[in-house]
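K.L.:
After the sequence you'll find the predicted model.
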Amino acid sequence: MAAGGHILPIISKNFCSSSQVILRVRKRPHVVTGGGFVVTDWSQKVIFRIDGCGVLGRKDELLVSDGNGNALLLIRRKGGLVEAISIYRQWRGYSVEFQGSDKPLFRVKQPHSCIVNQNLMKISIDENEYQNRRRDFEIKGYFPDRACSIVDSKGNVIAEVGPEEITARNDMYRVVVNPGIDQAFVIGVIAVLDYIYDGSTRC
């Protein structure tokens with residue numbers, strides 16, 4: 001389970017497993033479906049679909065859906081003057097049930113200033129229906145090398161990205177999600193990383 005033996009639902013407790021889950025990520029070609037990627041389990045069953053701006057028609061916007069095509073998470077980059085004067089670029093993930101809400105489920109902060117470590121990305125989760133306190137995470141490692149982890153404030157790894165063992169192709173890799181952790185949240189963070197590093201979700 002998550003640190004302390006508890007589940008950590010952020011999008012939904014339906015995506016929290018009592019055991020470790022290994023997911024496979026496969027890019028979708030831009031020319032066929034407009035960009036994005038598909039997440040399957042080891043039996044090739046589609047668990048999540050991620051659509052980028054080639055499908056949605058908007059830059060800096062991502063959509064995470066479940067395997068049946070039901071939208072779960074809308075992710076947008078916050079722009080404007082606030083970002084221009086900030087040392088971070090900020091991405092926000094919203095429940096699609098509350099698209100008009102100003103309260104995101106999570107935020108990913110990407111440094112874009114020499115004042116801070118350019119490789120240090122932070123994730124924050126505000127209070128929600130499942131928890132009554134804020135939680136913070138960091139990305140450690142380098143996503144383009146398929147060698148990074150999401151760790152909590154105590155240094156516990158909640159998910160890891162690694163190369164796919166059965167192929168050397170860079171368009172497929174694995175994500176290991178530890179027990180009790182919301183897989184939809186982890187994939188939402190992976191979607192942001194994919195976009196930041198010019199992955200398949202970008203136009």
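P.N.:
Good, I have the coordinates. Numbering: from 1, shown residues only.
K.L.:
Just the pLDDT at Leu23, thanks.
P.N.:
Listed pLDDT for Leu23 reads 97.
K.L.:
Which element, helix or strand, includes the closest residue to it other than its chain neighbours?
P.N.:
The shortest distance from Leu23 to any non-neighbouring residue, by C-beta to C-beta, 6 or more residues apart in numbering, is to Val175 (4.6 Å). To be clear about C-beta, it is placed using only N, CA and C from the backbone, and glycine gets the same treatment. Taking DSSP states H and E as the criterion, Val175 maps to strand 172-177.
K.L.:
again with Leu72
P.N.:
strand 71-78.
K.L.:
And the helices in this protein?
P.N.:
All helices of the chain, identified by DSSP state H, fall at 30-33, 53-56, 80-84, 183-196.
K.L.:
what's the angle from the longest one to strand 71-78?
P.N.:
When you say that, I think you mean helix 183-196. Angle of helix 183-196 versus strand 71-78, following axes from the mean of the first three to the mean of the last three C-alpha atoms, to 10 degrees, is 40 degrees.
K.L.:
chain center to helix 183-196: distance?
P.N.:
Helix 183-196 sits 2 Å away from the centroid of its parent chain (C-alpha atoms, centre = their mean, to the nearest Å).
K.L.:
Let me know the average pLDDT across it.
P.N.:
95.
K.L.:
Keeping just the C-alphas, turn it into CSV.
P.N.:
The C-alpha trace of helix 183-196 is given here as CSV (Å, rounded to 0.1, in the frame of the first residue of the first chain):
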residue,chain,number,x,y,z
GLN,A,183,-2.9,5.0,-11.3
ALA,A,184,-5.0,7.7,-13.1
PHE,A,185,-3.1,10.4,-11.2
VAL,A,186,0.3,8.8,-12.1
ILE,A,187,-0.6,8.6,-15.8
GLY,A,188,-1.8,12.2,-15.7
VAL,A,189,1.7,13.2,-14.4
ILE,A,190,3.3,11.1,-17.1
ALA,A,191,1.1,12.9,-19.7
VAL,A,192,2.5,16.2,-18.5
LEU,A,193,6.1,14.9,-18.7
ASP,A,194,5.5,13.6,-22.2
TYR,A,195,4.3,17.0,-23.3
ILE,A,196,7.1,18.9,-21.6
